[in-house]
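Peer 1: Can you look at this prediction? I've put the sequence above it.
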Amino acid sequence: MGNGNESLSLGPGSGAASGEAPVFLSIGQTRPTSAYPFRNPRPLAIAVTVFAAAQILAIALQAVGVVLRLDVLARFSAGQFPTQEAIASGARLGDNLVQGSSVAFLIAYVIGYCLGGRWIYVAACNVRALGAHGFDNTPGWAVGWYFIPFMNWFKPFSAMSEIDRASHAPEGWRSRGDPLILRYWWAGWVISGLAGYAIGIIPGEPTAADGLRTLSWFMLVFAVVEIAAVGLFLAVVWRIARAQMASRHRVNQVAEAFS
């Protein structure tokens, strides 16, 4: 099969002039262009998985800190803290977990976002290397749509849908429907964005117990949604990576048969 950066080739002399069978003429349409060499998507998928796992761990630790914070607030409301020092002591562990995990999440998120964008670009190039054509989104825009306000609510899904369908069926990919996992992933992405926006518009760090309680519940909801969104993205990444490797193997088998 060769290494991951090797271009696919169906061998010389394809076409009616060489007297090949009609079925091979159809397969010959999948000959890739030199502009899009096939790259093994698995190494990048592994890197994305590592930093996605770091995100999930940071979010989980943040959720633990939020739960501890809610416990302190409940005990405060019940009058179980005799002094301000006792309140501060009880809240310290939860606050430290929330603050530390938030920094860790931000670092993992930025790195993971960059790796995810690179993976999407490579996956979009790969489907072209496999012979698929007629896309509405270029590899660059498959990534770029995530950074365009308003358009990032629907165009990234369109681009990922093209990548997924073409990865499974480079020929005739337009006739395929979107899998449910893709719709679940996009719903998670949108809901996660809305939850993050809701937290962002809460002014400052509330000092009153009711304000802290409201913020804490918002953060718990965000944690659950974000973990689901990251997990669904990983499911999509590995689904497409497996499909692309399988499609590449099929094309290589045909190339070897007619070489």
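Peer 2: Perfect, thanks for sending it. Residues are numbered from 1 along each chain as shown.
Peer 1: Distance from the helix or strand where residue 55 lies to the middle of the chain?
Peer 2: Using DSSP states H and E, residue 55 maps to helix 42-77. Relative to the mean C-alpha coordinate of its chain, helix 42-77 is positioned 17 Å out (C-alpha atoms, centre = their mean, to the nearest Å).
Peer 1: before we move on, what about stretch 101-117?
Peer 2: Centre-to-centre, stretch 101-117 and its host chain are 12 Å apart (C-alpha atoms, centre = their mean).
Peer 1: Relative to residue 180, how far out is residue 213?
Peer 2: Going from residue 213 to residue 180 by C-beta to C-beta, to the nearest Å gives 36 Å. Glycine gets a C-beta too; all of them are placed from N, C-alpha and C.
Peer 1: Who has more neighbours out of those two?
Peer 2: Taking other C-beta atoms under 10 Å, residue 213 and residue 180 do not tie; residue 213 has more neighbours (17 against 8).
Peer 1: related to what we said a few turns ago, just checking, what packs against the helix holding residue 55?
Peer 2: helix 84-129, helix 209-258 (3 or more C-beta pairs under 8 Å, 6 or more residues apart in numbering; DSSP states H and E).
Peer 1: In TSV: these, plus distance to residue 190 and mean pLDDT.
Peer 2: Putting the helices and strands packed on helix 42-77 into TSV (distance: least, C-beta to C-beta, whole Å; pLDDT from 0 to 100) gives the following:
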stretch	distance to residue 190	mean pLDDT
helix 84-129	16	90
helix 209-258	9	88
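Peer 1: Make a markdown table from those and add distance to residue 60 to it.
Peer 2: Below are those laid out as a markdown table (distance: least, C-beta to C-beta, whole Å):
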| stretch | distance to residue 60 |
| --- | --- |
| helix 84-129 | 8 |
| helix 209-258 | 7 |
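Peer 1: what angle separates the helix holding residue 55 from helix 84-129?
Peer 2: For helix 42-77 against helix 84-129, the angle by axes from the mean of the first three to the mean of the last three C-alpha atoms, to 10 degrees is 160 degrees.
Peer 1: quick check: angle from helix 42-77 to helix 209-258?
Peer 2: Orientation check (the same axes, to 10 degrees): helix 42-77 against helix 209-258 gives 170 degrees.
Peer 1: buried stuff in helix 42-77?
Peer 2: By neighbour count on 16 or more other C-beta atoms under 10 Å, the buried set for helix 42-77 is 44-45, 47-49, 51-52, 54-56, 58-59, 61-66, 68-70, 72-73, 76.
Peer 1: Can you give me the separation between residue 55 and residue 81?
Peer 2: 34 Å.
Peer 1: Minimum distance to residue 197: which of the helices and strands packed on helix 42-77 has it?
Peer 2: helix 209-258 (10.0 Å; C-beta to C-beta).
Peer 1: elements contacting the closest one?
Peer 2: Against helix 209-258 (3+ C-beta pairs under 8 Å, 6+ apart) you get helix 22-28, helix 42-77, helix 84-129, helix 155-168, helix 180-200.
Peer 1: rerun at 7 Å
Peer 2: For helix 209-258, the helices and strands in contact under the criterion 3 or more C-beta pairs under 7 Å, 6 or more residues apart in numbering; DSSP states H and E are helix 42-77, helix 84-129, helix 155-168, helix 180-200.
Peer 1: relative to helix 180-200, how tilted is it?
Peer 2: Using the same axes, to 10 degrees: helix 209-258 against helix 180-200 is 150 degrees.
Peer 1: can you give me how far helix 209-258 is from the chain middle?
Peer 2: For helix 209-258, the distance to the chain centre is 5 Å (C-alpha atoms, centre = their mean).
Peer 1: all numbers from here: first residue = 3
Peer 2: New numbering, starting at 3: the last item is helix 211-260.
Peer 1: in stretch 99-109, what's buried?
Peer 2: Those would be 99-100, 103, 106-107, for stretch 99-109 by 16+ other C-beta under 10 Å.
Peer 1: Other residues contacting that stretch?
Peer 2: 57, 60-61, 63-64, 66-68, 70-71 (C-beta atoms under 7 Å, 6 or more residues apart in numbering).
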